[in-house]
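K.L.:
Below: sequence and its predicted model.
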Amino acid sequence: MQQDQWAQWVLRRRDGDNPDVRVRVAPVIGAYRDKVLDRAAIVPGDVVLDVGTGDGLVGFGALDRVGPTGRIIFSDISPGLLAECWRRATADGRLDQCRFVQAPADDLRQIPGRSVDVVTTRSVLIYVHRKEAAFAEFFRVLRPGGRLSIFEPINGFAASDARRGLFGLDMSPIADLLAKVWGAYTSVPAAQNPMLNFDERDLLRWARAAGFTGIELDYRAEVEVPSPLPSRDWAVLRKTAPNPLAPTYEEALNQTLEPAEREQVEAYLSAALANGATGHRTIATAYLKAVRP
């Protein structure tokens, strides 16, 4: 079966299908998972709905916390990723505690109302156009006293940084060519792009409008902070893509540059990486937790 774009990215394109990159990135996304789960206050016996589960990073982490009497509902729009979660649950011998539901975050009609104790998401709402509807669905499926715990990058914060380069590298010597490359990633106006058209205040507003109480939001912004690179080999990094809807960097170069321009960019990046250039990150993130009264 051919993988859909979501499964392709999570399982291959996110890390260029490179095991070394996968190992280096694992602690970063693992930290996001743990903070989401800690805020969810999961107890043994809970039923947890992990919306936009991907390859099950948060869902399988929750499975370790609900104990043998708890259950996890893995929900995603990707049949390929649900199949991957089913495969992993089968291999772990825990299939009897798992349910798999193909559904978007803003339409969870397959999940009965007031039927779960916890809803978790990680980097899901950035792909959802109807975010307010998603919060309403999270509220609907939770039992009274149920908890919501989400993590979202506030991508509009970093996108406003005119100095950003690939992987946070200084690309000012080839800024004109970089501007062309960014064209492959900015075809949708920011105001219409669900990855960019919201911030942490919107998350608070949508949670409150849905009916949640006890709302807490932890926001963190970092500007030009030195950041380790997932690889120092441009041949590896060029095969990666920043999100499921975006081209790989190699594809973006091919789409936007003439052959001579592409060679110039690749030569610059290869040399910068080989010479120990430091990456920097500008990023904002938000963790939100709330309770259905």
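P.N.:
Looks like it arrived, so ask away.
K.L.:
Contacts for the longest strand along the chain next, please.
P.N.:
Counting by DSSP state E, the longest strand found in the chain is strand 213-227. Under the criterion C-beta atoms under 8 Å, 6 or more residues apart in numbering, residues 39, 154, 157, 161, 168, 200, 203-204, 207-208, 278-293 lie in contact with strand 213-227. Quick note: C-beta positions are derived from backbone N, CA and C, even for glycine.
K.L.:
of those, buried ones?
P.N.:
Among the contacts of strand 213-227, those buried by neighbour count (16 or more other C-beta atoms under 10 Å) are 39, 154, 157, 168, 200, 203-204, 207, 279-280, 282-292.
K.L.:
Quick check: which ranges of the stretch 51-200 of the chain have low pLDDT?
P.N.:
161-164 (pLDDT under 70).
K.L.:
sec struct for Leu148, please.
P.N.:
strand (DSSP: H, G, I helix; E, B strand; the rest coil).
K.L.:
Number of residues surrounding it?
P.N.:
Counted with other C-beta atoms under 10 Å, the neighbours of Leu148 add up to 26.
K.L.:
Contact partners for it?
P.N.:
Leu148 neighbours (C-beta under 8 Å, 6+ apart): 118-120, 138-139, 142, 207, 212, 288-292.
K.L.:
Need the residues you listed in CSV (columns: distance to Phe100).
P.N.:
Formatted as CSV, those follow (distance: C-beta to C-beta, whole Å):
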residue, distance to Phe100
Val118, 17
Val119, 16
Thr120, 15
Phe138, 19
Phe139, 23
Leu142, 20
Ala207, 27
Phe212, 26
Leu288, 26
Lys289, 25
Ala290, 26
Val291, 27
Arg292, 24
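K.L.:
now, among the residues you listed, which is nearest to Asp15?
P.N.:
Distance to Asp15 across the contacts of Leu148 (C-beta to C-beta) is lowest for Thr120, with 22.6 Å.
K.L.:
I'd say Arg94 and Leu63 touch.
P.N.:
Yes: with contacts counted by C-beta atoms under 8 Å, Arg94 reaches Leu63, the gap being 6.3 Å.
K.L.:
Quick check on these two: which one has the bigger neighbour count.
P.N.:
Neighbour totals were compared for Arg94 and Leu63, and Leu63 leads with 22 against 15 (other C-beta under 10 Å).
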